[in-house]
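In: test case, fold it:
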Amino acid sequence: MNQEVKDILKEIYAEHKLNEKDLDYSIAEQHKADLNRLSLLNNCCFFIVDLHKFEYLFTSDNFKSFFGYTPTKEDSKNLLNDNLLDSKIHPDDFIQYKKIQLKVGKFILTQPKEEQINYKHILELRVQNIQGQYIRVLWERQALETDKAGNLWLMLGSITILPDQSNRSDLKNFFINLKNGERIDLSSSDEIPVKLSPREKEVLQLIHQGLLSKEIAYKLSISVNTANIHRQNILRKMKVDNSIEAINYAKHAGLLD
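Out: Residues are numbered from 1 along each chain as shown. Alright, predicted model coming up:
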């Protein structure tokens, strides 16, 4: 996750302060046992997020059989650094997934405190399974426990393998108000689109073709230094860290059409 995303997440949760003396972690232990039993009965993995420690507090045992991967305590120690199954998410879905996370945090924490527990976030995306194939899953999150003052503390998540495994690239992304059934769609983007210059678009296309800066410079009759400057400008405008992320971003944004 790039530094800007981390900074935004820190800002979102800056006012979300929980007092550990008010938190009864024995409740979490009860939930863990119940969720492990429930995971044995269906095609669903469960996890619990601790918004006090910014950790994944629990992941059900069946992650191993579904995804060939059992998240460890170290793997999921800090939500601001690494996130559950990041390495398994389809590269074409990954950039959008990161942006969605920011929208989800902003939406929930701007709702009245007494209403926050009523919302479930539902997201559809593609994740690599134990056989190395990308499968469509439903990724859901909702409040599980609050502290004594009603602040969100534990969040329950589930990842379910969908019966519809059609090869679509669109991601369902919405909230459901569990109290009144209202649906709030988060799919429409409220972000300023990335604007590339004609030359930057040419460079991006050549990066997509796998050309190195030296080859791009020769192809466009520019210096290698100029080609590198265009590369850096593209990464800066897209707010990504490398060319792979830039190409994934460009595919999602339609910049390679």
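
In: check which helix or strand W139 maps to.
Out: strand 134-146 (DSSP states H and E).

In: and that strand, what's its mean pLDDT?
Out: For strand 134-146, the mean pLDDT works out to 92.

In: now do stretch 225-242
Out: 88.

In: centre of the chain to it, how far?
Out: 23 Å (Cα atoms, centre = their mean, to the nearest Å).

In: same deal with stretch 175-189?
Out: Here stretch 175-189 is found 18 Å from its chain centre; the criterion is Cα atoms, centre = their mean.

In: just the buried residues of that stretch, please?
Out: F175, I176, L186 (16 or more other Cβ atoms under 10 Å). Backbone N, C-alpha and C define where each C-beta goes, glycine included.

In: before we move on, what SS does the second one have?
Out: Per DSSP: H, G, I helix; E, B strand; the rest coil, the secondary structure class of I176 is strand.

In: excluding its backbone neighbours, what's nearest it?
Out: Take I176 and drop its neighbours on the chain: the residue closest to it by Cβ to Cβ, 6 or more residues apart in numbering is K120, 5.0 Å away.

In: check which helix or strand covers the one you found.
Out: Counting by DSSP H and E, K120 is part of strand 119-128.

In: contacts for that strand, please.
Out: 67, 85, 88-90, 92-93, 97, 100, 104, 107-108, 111, 134-143, 159, 162, 171-178 (Cβ atoms under 8 Å, 6 or more residues apart in numbering).

In: and the average pLDDT for stretch 159-167 is what?
Out: 85.

In: low pLDDT regions in the chain?
Out: 1-16, 70-83, 168-170, 187-193, 252-253, 257 (pLDDT under 70).

In: fine by me, we can end here.
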